[in-house]
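Chemist: Provided below for reference: sequence and predicted model.
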Amino acid sequence: MHEGLRMTLVLLIIGVLCGTLLATANNATEPIITERIETEFLAALEGFFPEVAEYEVKKIDKEEFYSCYDAGGELIGIVGQVKANGYGGSIDYDLAVNADMDIIGIRISSHGETPGIGDVITSPDFQERLIGLNIEDPIEAGVDVDAISGATVSTGGVISSVRRVMDIIGENVL
Amino acid sequence: MTTLAQEFTKGIVKENPLFRLILGMCPTLAVSVTAINSFGMGVSVIAVLLCSNIVISAVRNVIPAKVRIPAYIMIIATFVTLVEMVLNAFAPELFEALGIFIPLIVVNCIILGRAEAFARKNTIGRSIIDALGIGLGYTISLVLLGVIRELFGAGSIFGYQVMGTAFEPMGVLAVAPGAFITLGVMLGLFNYLFKHFGIE
């Protein structure tokens, strides 16, 4: 066989095989992954507001906001399923705010930050810097929340995203 | 012809990927901040290296020499992505721990290096032994770096505080320059030891 043709064919076959394999694996695993993420989120939501009886979902610009009500129909808080810009792409996280607009919890659900550097965003030490702040607070890196040196892009990205999300909640949800 | 035992131990001593071949530096510098991260990266590399060595050795007579590199890269990237998806779906705890290291493996030249230098010229059996030896050698040296950097950079080993409260952590070891300093010192030390004991 002609050499050039043989090289093209071999690469083509490998490409097709790899592509098919990945597509099949993706089809098989994606529903499982989506379902697990959903279950984990609902568990986290109940962790933030243990007394939640029902919730209502509102979608604003591709981000979802869950208004949580207790058994008496009283609004007890909001959990936003939101995104921040990190060093390694998008950081998906949940932000829980009570009815007084205080931040009561943060959960990073997926991120691509550098292991050992940017992944401090998942540490309690960093998250506790945000918990307890109110919508009336500045919530700004270097003002009332300290970014972590060495991971300024990751931590700063989360902090500015929290400010943005608080504004969205303030304007649209309550 | 080298024996199988020699094939295995060469990856740990004579052809140690980190201290002798100086391969896979980029992810090494990034993850060696703590011992546990190093261990996670090491285990992920062993898994992917094993799969890619087996496949590349199996198709070694089919792939034309001129296009072998793109072919290897496709095979390696497929395995890495596959491992990532399967772990995410079926072993969420493991994915939680190793997930962030997996994409780094695509750019780890140890995998491509072994495909090029070993698997394409050897049988599947020998390629498996080679993958295990090199993978273990990489894991051991990476954990060694991680232990040193974590011990002096944060005062702990595998997350356990060992240095006591009077110890002032050397922050520089926990950041990128610390990785270069530790690696340089280790390279020098190993070169000295190899010379001293006459291993070549």
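Modeler: Everything's here; your move.

Chemist: which residues does residue A:154 contact?
Modeler: A:86-87, A:91, A:113-114, A:117-121, A:148 (CB atoms under 8 Å, 6 or more residues apart in numbering or on different chains). C-betas here are computed from N, CA, C, even on glycine.

Chemist: same check, this time on residue B:60
Modeler: Contacts of residue B:60 (CB under 8 Å, 6+ apart): B:119-121.

Chemist: and if we set it to 6 Å?
Modeler: Residue B:60 sits next to residue B:120 when contact means CB atoms under 6 Å, 6 or more residues apart in numbering or on different chains.

Chemist: state the distance from it to residue B:146.
Modeler: Residue B:60 is 34 Å from residue B:146, where distance means CB to CB, to the nearest Å.

Chemist: and the longest helix seen in chain B, what other elements does it pack with?
Modeler: For chain B, the longest helix by residue count, based on DSSP state H, is helix B:124-154. If you count contacts as 3 or more CB pairs under 6 Å, 6 or more residues apart in numbering or on different chains; DSSP states H and E, helix B:124-154 packs onto helix B:4-10, helix B:35-58, strand B:156-157, helix B:176-196.

Chemist: apply 10 Å and report the result again.
Modeler: Other helices and strands packing on helix B:124-154, by 3 or more CB pairs under 10 Å, 6 or more residues apart in numbering or on different chains; DSSP states H and E, are helix B:4-10, helix B:25-31, helix B:35-58, helix B:109-114, strand B:156-157, helix B:176-196.

Chemist: briefly note if the helix or strand encompassing residue A:21 comes near chain B.
Modeler: Following DSSP states H and E, one finds residue A:21 within helix A:3-48. Yes - Helix A:3-48 comes into contact with chain B (CB under 10 Å from any CB of the partner chain), by way of A:3-4, A:6-11, A:13-15, A:17-19, A:21-22, A:24-26, A:28-37, A:40.

Chemist: which element follows that helix toward the C-terminus?
Modeler: Downstream of helix A:3-48, the first helix or strand assigned by DSSP H and E is strand A:54-60.

Chemist: so the helix or strand just after that next one versus helix A:3-48, what angle?
Modeler: Next helix or strand after strand A:54-60 toward the C-terminus (DSSP H and E): strand A:63-69. Angle of strand A:63-69 versus helix A:3-48, following axes from the mean of the first three to the mean of the last three CA atoms, to 10 degrees, is 20 degrees.

Chemist: the bottom helix or strand of chain B by mean pLDDT?
Modeler: Within chain B, no helix or strand scores below helix B:92-98, which has a mean of 77 by mean pLDDT, DSSP states H and E.

Chemist: what helices or strands is it leaning on?
Modeler: Here helix B:92-98 touches helix A:3-48, helix B:35-58, helix B:68-90, going by 3+ CB pairs under 10 Å, 6+ apart.

Chemist: switch the cut-off to 7 Å
Modeler: helix B:35-58, helix B:68-90 (3 or more CB pairs under 7 Å, 6 or more residues apart in numbering or on different chains; DSSP states H and E).

Chemist: what's the most buried one of these?
Modeler: Greatest average neighbour count among those goes to helix B:35-58 (a mean of 22), per mean count of other CB atoms under 10 Å in any protein chain shown.

Chemist: hmm, back to that, out of the residues of helix A:3-48 next to chain B, which are buried?
Modeler: Listed as buried from the residues of helix A:3-48 next to chain B are A:7, A:10-11, A:14, A:18, A:25, A:29, A:33, A:37; burial here means 16 or more other CB atoms under 10 Å in any protein chain shown.

Chemist: just to revisit the earlier point, what's the helix holding residue A:21 packed up against?
Modeler: Helix A:3-48 sits against strand A:75-86, strand A:89-98, strand A:103-110, helix B:68-90, with contacts defined as 3+ CB pairs under 7 Å, 6+ apart.

Chemist: make sure residue B:133 is actually in contact with residue B:15.
Modeler: No - with contact defined as CB atoms under 7 Å, residue B:133 does not count as touching residue B:15 (8.3 Å).

Chemist: who has more neighbours out of these two?
Modeler: Taking neighbours as other CB atoms under 10 Å in any protein chain shown, residue B:133 and residue B:15 compare with residue B:133 leading, 25 against 19.

Chemist: leaving aside the residues next to it on the chain, what's closest to that one?
Modeler: Nearest residue to residue B:133 in three dimensions, chain neighbours excluded: residue B:11, at 2.9 Å (CB to CB, 6 or more residues apart in numbering or on different chains).

Chemist: surely that neighbour meets residue B:129?
Modeler: No - in this structure, residue B:11 is not within contact of residue B:129 by CB under 7 Å, at 8.7 Å.

Chemist: the two: who's more crowded?
Modeler: Neighbours per residue (other CB under 10 Å) separate residue B:11 from residue B:129, with residue B:11 holding more: 27 against 23.

Chemist: report pLDDT for that one.
Modeler: In this prediction, residue B:11 carries a pLDDT score of 83.

Chemist: show me where pLDDT drops low in chain A?
Modeler: A:1, A:115, A:173-174 (pLDDT under 70).

Chemist: residues in it within reach of chain B, list them.
Modeler: Residues of chain A lying close to chain B (CB under 7 Å from any CB of the partner chain) are A:6-7, A:10-11, A:14-15, A:18, A:21-22, A:25-26, A:29, A:32-33, A:36, A:112, A:114-116, A:119, A:150.

Chemist: that's all I had, so thanks and see you.
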